[in-house]
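> What shape does this take:
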Amino acid sequence: MVESGAVVVLITYPLDGDVNEFVTALVTERWAACVSVLPAIESVFRWQGRIEWARERQILVKTQASRVERLVRRVRELHPYDTPEVVALPIMGGSEPYLAWIRDEVAE
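Numbering: from 1, shown residues only. Predicted coordinates for the structure are as follows:
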């Protein structure tokens, strides 16, 4: 399979935060073609030397690899965490019409 140039970006967001405003901004500003907001999850992580638990939402952002660096900057501006999770995973293939739609929606 040939790499498509599309990526899925994983972002966690606090359960009590305004996730609708956050994800709407990402789509409106064309950082994302589509954002999926999953139901509540429990995250366990080490933060500043302590084990922490947090109730969050997992957000899946579909965009292009060429947009990730600037997307990360925008997420850091909008996100309430000091160090938000922003991890990009390549999409190695899939439905070409869908991948073309992602490219078109986030075209600069």
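
> what pairs with residue 58 across the strands?
residue 12 (DSSP bridges).

> residue contacts, it?
Residue 58 makes contact with 10, 11, 12, 37, 38, 41, according to CB atoms under 8 Å, 6 or more residues apart in numbering. Bear in mind the C-beta positions are built from the backbone N, C-alpha and C, glycine included.

> And residue 49, by the same measure?
Per CB under 8 Å, 6+ apart, neighbours of residue 49: none.

> Could you do the one 10 residues further on as well?
With contacts defined as CB under 8 Å, 6+ apart, the neighbours of residue 59 are 10, 11, 12, 13, 19, 22, 23, 35, 36, 37, 38.

> The nearest residue to it once chain neighbours are set aside: neighbouring residues, count only.
In this structure, residue 59 finds its nearest non-sequential neighbour in residue 11, 4.3 Å apart by CB to CB, 6 or more residues apart in numbering. Neighbours of residue 11 under the rule other CB atoms under 10 Å: 26.

> pretty sure residue 11 contacts residue 88?
No - counting by CB atoms under 8 Å, residue 11 does not reach residue 88; the two are 10.1 Å apart.

> Now do the helix or strand residue 27 falls within: which elements does it pack against?
Using DSSP states H and E, residue 27 falls within helix 19-28. Here helix 19-28 touches strand 34-47, strand 50-64, helix 68-78, going by 3 or more CB pairs under 8 Å, 6 or more residues apart in numbering; DSSP states H and E.

> other SSEs contacting the helix or strand following the last one?
Pointing back at helix 68-78 there. As assigned by DSSP H and E, the chain's next helix or strand after helix 68-78 is strand 86-90. Under the contact criterion of 3+ CB pairs under 8 Å, 6+ apart, strand 86-90 touches strand 6-14, helix 68-78.

> Would you mind checking the average pLDDT for strand 86-90?
In this model, strand 86-90 has a mean pLDDT of 97.

> That one pairs with which strands, and in what direction?
With DSSP bridges as the test, strand 86-90 is paired with strand 6-14 (antiparallel).

> so for the partner strand, what's the average pLDDT?
For strand 6-14, the mean pLDDT works out to 98.
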